[in-house]
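Novice: Just need the structure, nothing else, for what follows:
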Amino acid sequence: MVSQDDKHDVNYGQRIPVTHVSRFSGIAAPNAALAMLIRVYVENRGNMKQLLILVAFVMLYAAELSASDSAAYEAYGLLIGSNRAGTGQTPLTYAHSDARRMATTLTDVAGFNRGNLQILFDPDKKSVTDAIDTFEQLLSEKAGRDQKTVFLFYYSGHARTTGLQLGADDFSLSDLKARLRALPATVTVVLLDACQTGAISNVKGVSAASATEQFSYNSVDQLNVSGMAVIASSSGSELSQESRKLRGSYFSHHFTVGLRGAADIDHNGVVTLAEAYNYAYHRTLSTTALTKVGRQHATLEMDLKGKGDMPFAWPGNFSSRLRLPRSIEGEVLLTHKKSGTVVAEIRKVLGQEYEVALSPGNYEGLVQTSDKAYQCSINIGEGSEITMDLAACAPLELIRESAKGGDVVYRVAKSKKDRRREYVMAELKLGYFYGGPSEYTRRLEDFRYKGLSKSDALGASASIVGTPFPFVSIGVTIATMDRRVGESNLRSAEQAISWRSFRVGGFIRGNLILGRALFVPYAQFGGGFARANFEFEARGTDSEGVYPTVFDGNYISGGLGVQMNPVRWFGVTLFHVDYVRSHLVKMTEPTFSEKHNNGGLSIFTGVRVGY
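Specialist: Here you go, the predicted model:
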C-alpha cells in the first residue's frame, strides 16, 4: 500500500524553533575543526605558508579530539513497545514493530551496541521499573569511573492524561520523571510516541478522559530537566496515529528514517538530534494531513548544558547505503522483502540527493512521481553503495481507494509490464474434431465405400505462445486434423481406405483484457504445413497388400476462444473453436480431380502454464 500525503514539498532544511541544545564535548570535533579551518582561510588567505601550517594543526587537533572522545561515552537504551489495551482502549497493532525498528536503527547508525539495549514487549509497571533500576546501577558504575554515557528511553503504546498505560497498570508521569531524572547519565533522551484519544481506528489510545489534556504536552512540560531532551509525537491538542501502510507509528517511522540519513540535509554524514526531530516533524505533519484524525505536530524541548547541537547518528559511517539521485522526485517507499518491514518512506525533492543507510539485504522500492509510479528491486550488499535507477524499475498502475481508519491509499493494481499476465506459455488442449463430406468422399461412395462421409474423433493440440505486447500474442502449434476409415466390397473384392492428418504452423492472436487479465477473450489466425498419411489396402486379390501414400500441403485457420488466468503463470482455456481448411487427399487417377478438405471444426478446452 502507498499512502497519499500532502502534495506540497517540504524544505527540511528550515529549522523549527527549539530551546538551546548542547553536544558532548568534542563529539563533533571534525565539524568544529572544519569551521576553524574556514575562519583561518578567511583571515590568512594572503599568507599561504601560514595557512598550510594552520591547516595541518587543525586536522591533527580534530583527529586527536575525535579519537579521544569517541571512546569517552557509551550509549544505553530501554525500548518499550506495548500493544496491550487498558480499560476502554483498543489494542494497538504496530507498537512492537516500532520498538524493533528503533532498536535496529540505533545499532545500525547511532552507535548503540545491541547488548546495551533492552526491549520490553507489553510489560507491566514492575517490569519497566525493574529495567530502569538495572540501568541506574549500570550508569552509576560508569559515572563512578567518570565515563560519559547516553541513555535513551523510548515508548510506543497507549497513554492516558497522566501517564503511560501499561495494560492494567498506569505509570504516572511524575514517577517516570523522577526515575529518569535520577539516572546518572550524562545525557538522557526521551522519545514518547503515545497520546490520549477517542475510539478511532488506527489511533493510539482510547480514553474517556478530557481530550484537551494531551499526554504529549504534559510529557514535554513535566520531564524537561537539566541534561534531558524530550521529544513527543504530538502537540497538546492532537492525537498520535498508526499507519497500515508504514506498519508502524507515523512519528516513530519518520524519526528512524531521519536517523538513517534522510534528515542529513547538509550531507556531512552526521544527523543531530534537532535534525532528526526537524525531519520527523515535517514528515509526520505531511503524512497525517489526509487521515481522519488530522495533522499531527511533534514537539521538542531540550535542556542540555553546553553549546551547539547534539550529534545523535552517523549514517555516513554505515558501510551499506542506497543513494537517491537528484533526478528522482516524489514519494519513495522502501520495504525489506523478507520481513515485510517498511524501512523508509521519503518525500524526495527534485535536485537534492539523499543517502539512506541500510542493512545488507533485498529490498523493494516503490516510487510515485506526480504522474507515474515504479516498482524497483534493490539488492544491498555488504559495503555497497547502490544508486536507484528508475530506468531499471517496472512501471506500475496505481488505483486510489479509501482505507480503514481514514487513510487515503494507493493500491498497486499490477505492473504495466505484467498486464498481459504472462510472458511465455505452453498450452495443451483436448476436444472434439468434426470433418464433413467432400467431393472426394462422395466420389468414393460411388465406388461403394462406406464410413468416409464424416469424421467424429478426439482432437488434440499443443502450442507455445509468447506475448510481446499486452494485446498481441504469437505462437507455434501442432495439432491433429481429419482421420477416416472406409471399406468397400465392390465386385467381391474387399478394399479399405484410411488416412490420418496433422498440421504444424504458427498463429497470431489478438487479446481483449477483461477483469484485470482474469478473463481474456481472443481471436487468432494462422497457417502452415499440413500432411496426410494415406493408406489403400487390397484384400483377397492378386494385388493384396497395403499401399501407403503421403499428401503434403498447407493450411489456414481461424479461431475464437476465452482464457481464464487466476495467476500469471497458470490458466485455463475455457473453450477454443477453430476452423481449418487444408486440401490434401486427392484422386490419383488422371480422369478424376476431386480433393478432400482434411481440415474441419475443432472445439477444445485445456490448460496453460508458463512464466
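Novice: Sketch out the strands for the stretch 51-200 of the chain, chain order is fine.
Specialist: Listed in chain order, the strands of the stretch 51-200 of the chain (DSSP state E, counting those that start in this stretch) span 73-81, 117-121, 148-156, 159-160, 163-166, 169-172, 187-193.
Novice: out of these, deepest packed?
Specialist: Among those, strand 159-160 has the highest mean neighbour count (mean count of other Cβ atoms under 10 Å), at a mean of 28. C-beta here means a position set from N, CA and C on the backbone, and glycine is covered the same way.
Novice: now it: mean pLDDT?
Specialist: Across strand 159-160, pLDDT averages out at 75.
Novice: Just give the strands next to it in its sheet, each with its orientation.
Specialist: Here strand 159-160 has these sheet partners by DSSP bridges: strand 163-166 (antiparallel).
Novice: who's in contact with the partner strand?
Specialist: If you take Cβ atoms under 8 Å, 6 or more residues apart in numbering as the criterion, strand 163-166 is touched by 82, 84, 86, 89, 123-125, 128, 155, 157-159, 170-176, 194, 205, 207, 215.
Novice: re the thing from before, take the strands of the stretch 51-200 of the chain and write them to a markdown table, including distance to residue 348.
Specialist: Conversion of those to a markdown table gives the following (distance: least, Cβ to Cβ, whole Å):
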| stretch | distance to residue 348 |
| --- | --- |
| strand 73-81 | 29 |
| strand 117-121 | 31 |
| strand 148-156 | 26 |
| strand 159-160 | 33 |
| strand 163-166 | 36 |
| strand 169-172 | 39 |
| strand 187-193 | 25 |
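Novice: Lowest average pLDDT across these?
Specialist: Among those, strand 159-160 carries the lowest mean pLDDT, a mean of 75.
Novice: Out of the strands of the stretch 51-200 of the chain, the one nearest residue 134 is which?
Specialist: strand 117-121 (7.8 Å; Cβ to Cβ).
Novice: by contact count, what packs against that closest one?
Specialist: Judged by 3 or more Cβ pairs under 8 Å, 6 or more residues apart in numbering; DSSP states H and E, the packing partners of strand 117-121 are strand 73-81, helix 95-109, helix 125-144.
Novice: Next, the angle helix 125-144 makes with that strand.
Specialist: 170 degrees (axes from the mean of the first three to the mean of the last three Cα atoms, to 10 degrees).
Novice: Strand partners (parallel or antiparallel) of strand 117-121?
Specialist: According to DSSP bridges, strand 117-121 forms sheet pairs with strand 73-81 (parallel).
Novice: measure residue 128 to residue 194 for me?
Specialist: Here residue 128 is placed at a distance of 13 Å from residue 194 (Cβ to Cβ, to the nearest Å).
Novice: Please apply the same query to residue 262.
Specialist: The value you get for residue 262 to residue 194, if Cβ to Cβ is used, is 23 Å.
Novice: pLDDT below threshold where in the stretch 101-250 of the chain?
Specialist: Applying pLDDT under 70 to the stretch 101-250 of the chain flags the ranges 161, 195-226, 228, 232-245.
Novice: go again using 50 as the cut-off
Specialist: The model of the stretch 101-250 of the chain has pLDDT under 50 over residues 196-226, 235-239.
Novice: swap in the stretch 351-500 of the chain?
Specialist: Low-confidence segments of the stretch 351-500 of the chain (pLDDT under 50): 400-420.
Novice: Strands of that one, start to end?
Specialist: Applying DSSP E, counting those that start in this stretch to the stretch 351-500 of the chain gives strands spanning 354-357, 361-368, 373-380, 385-387, 394-402, 408-415, 424-435, 455-469, 472-488, 494-511.
Novice: report the angle between the axes of the helix or strand hosting residue 334 and strand 361-368?
Specialist: Assessed by DSSP states H and E, residue 334 sits inside strand 330-336. With the same axes, to 10 degrees defining the directions, strand 330-336 sits at 160 degrees from strand 361-368.
Novice: partners of strand 330-336, with directions?
Specialist: The sheet places strand 330-336 alongside strand 342-348 (antiparallel), strand 361-368 (antiparallel), with pairing taken from DSSP bridges.
Novice: For the first one, output the C-alpha coordinates as PDB.
Specialist: What it means is strand 342-348. Taking Å, rounded to 0.1, in the frame of the first residue of the first chain, the C-alpha atoms of strand 342-348 are listed here in PDB:
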ATOM      1  CA  VAL A 342       8.900  -0.600   5.800                       C
ATOM      2  CA  VAL A 343      12.400   0.800   6.400                       C
ATOM      3  CA  ALA A 344      12.000   4.200   4.800                       C
ATOM      4  CA  GLU A 345       9.300   6.500   3.400                       C
ATOM      5  CA  ILE A 346      10.800   9.600   2.000                       C
ATOM      6  CA  ARG A 347       9.500  12.700   0.200                       C
ATOM      7  CA  LYS A 348      12.200  13.100  -2.400                       C
END
